[in-house]
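A.B. asks: Structural data only, the sequence is not supplied:
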């Protein structure tokens, strides 16, 4: 249990696991007069808890307009008494009751999979160890599935899977991904890309798996945009790695359409490691200098 700053009101931190079709949303983050996932979920929770003001949410990964999620995670600090009252006269746990009741409030393109009381130290954003995204491409119009048009991007040319996979793997590791990110004031672009690989499914769809400890704005769609020209034969396999070494936004890298992207999974440490991971993630990272090279990791400073 946490307490509201300055008020002393007991609060309960809850974790919400959800999925959504991002097609008809203007992204995750609440915006005036626009339909957003955060806006819908906050409004639903506010109604459920009869809160006097909109429930504030912290999300694991802020998705852009049109981007989907199967494994999104958020947390909210809610009034403990209101939380306890969610089951009403039933004998259900508050989390079970909340999931069922939210299903009756939320629109059909948002689905809550689970609601639970978060363990001490849990932060949906900063406690995450890694996030896994998936990107879908179709390079053959004859096998295109019209039922997947909302989550699959079509390319004009056939793609060389092996070349794309080889190019993608050269980007894995700790690096400054400024070339693939929209720079934000005061934010670092140093990230650890844990996996970037391509495979072709039985139906002919090409699928990228991209895993990192964290992502900066537009990073995944730019990583995909860097290897598509390789698959088309317009760029050599080592071109994406050259772009990465440039460490600045490269206009030659296309930001791919949002609807091919889905946040699939967010992974957290066990309860004992949550607080430590959150503290580590809040540190501003930079690449090791020559003096730091033997330390085996990036340097950090507090923001």
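C.D. replies: Cool, the structure landed. Quick caveat, the model's predicted, so the values are computed rather than measured. Residues are numbered from 1 along each chain as shown.

A.B. asks: Dead centre of this structure: give me the residue that sits there.
C.D. replies: By Cα atoms, centre = their mean, the chain has its centre lying nearest to residue 61, at 3.3 Å.

A.B. asks: State the distance from the closest residue to residue 282 other than its chain neighbours to residue 91.
C.D. replies: Excluding its sequence neighbours, the residue lying closest to residue 282 (Cβ to Cβ, 6 or more residues apart in numbering) is residue 126, at 5.7 Å. For the C-beta atoms, the positions are set from N, CA and C on the backbone; glycine is no exception. Relative to residue 91, residue 126 is positioned 35 Å away (Cβ to Cβ, to the nearest Å).

A.B. asks: rewinding a little: enumerate every residue touching the residue nearest to residue 282.
C.D. replies: 277-279, 281-282 (Cβ atoms under 8 Å, 6 or more residues apart in numbering).

A.B. asks: Next: residue 173.
C.D. replies: Contact analysis of residue 173 by Cβ under 8 Å, 6+ apart lists 192-193.

A.B. asks: Distance check, it against residue 212.
C.D. replies: For residue 173, the distance to residue 212 (Cβ to Cβ) stands at 10 Å.

A.B. asks: repeat for residue 14
C.D. replies: Look at residue 14 and residue 212: by Cβ to Cβ, they are 26 Å apart.

A.B. asks: same check, this time on residue 105
C.D. replies: Applying Cβ to Cβ, the value for residue 105 to residue 212 is 33 Å.

A.B. asks: and these two? which has more neighbours close in?
C.D. replies: Using other Cβ atoms under 10 Å as the criterion, residue 105 and residue 212 rank with residue 212 on top: 21 against 16.

A.B. asks: So for the most far-flung residue of the chain relative to its centre, what's the pLDDT?
C.D. replies: Using Cα atoms, centre = their mean, the residue of the chain lying farthest from its centre is residue 89. It sits 36.8 Å away. What the model reports for residue 89 is a pLDDT of 93.

A.B. asks: again, but for residue 277
C.D. replies: So residue 277 comes in at 93 (pLDDT).

A.B. asks: What ranges does the stretch 151-300 of the chain have for its strands?
C.D. replies: Using DSSP state E, counting those that start in this stretch, the strands of the stretch 151-300 of the chain run over 153-154, 173-176, 190-200, 206-212, 261-267, 284-286, 299-301.

A.B. asks: Can you show me the helices along the stretch 101-250 of the chain?
C.D. replies: Along the stretch 101-250 of the chain, the segments classed as helices by DSSP state H, counting those that start in this stretch run 161-169, 219-231, 239-246.

A.B. asks: I figured residue 43 hits residue 57, correct?
C.D. replies: No - using Cβ atoms under 8 Å, residue 43 is not in contact with residue 57, being 10.8 Å away.
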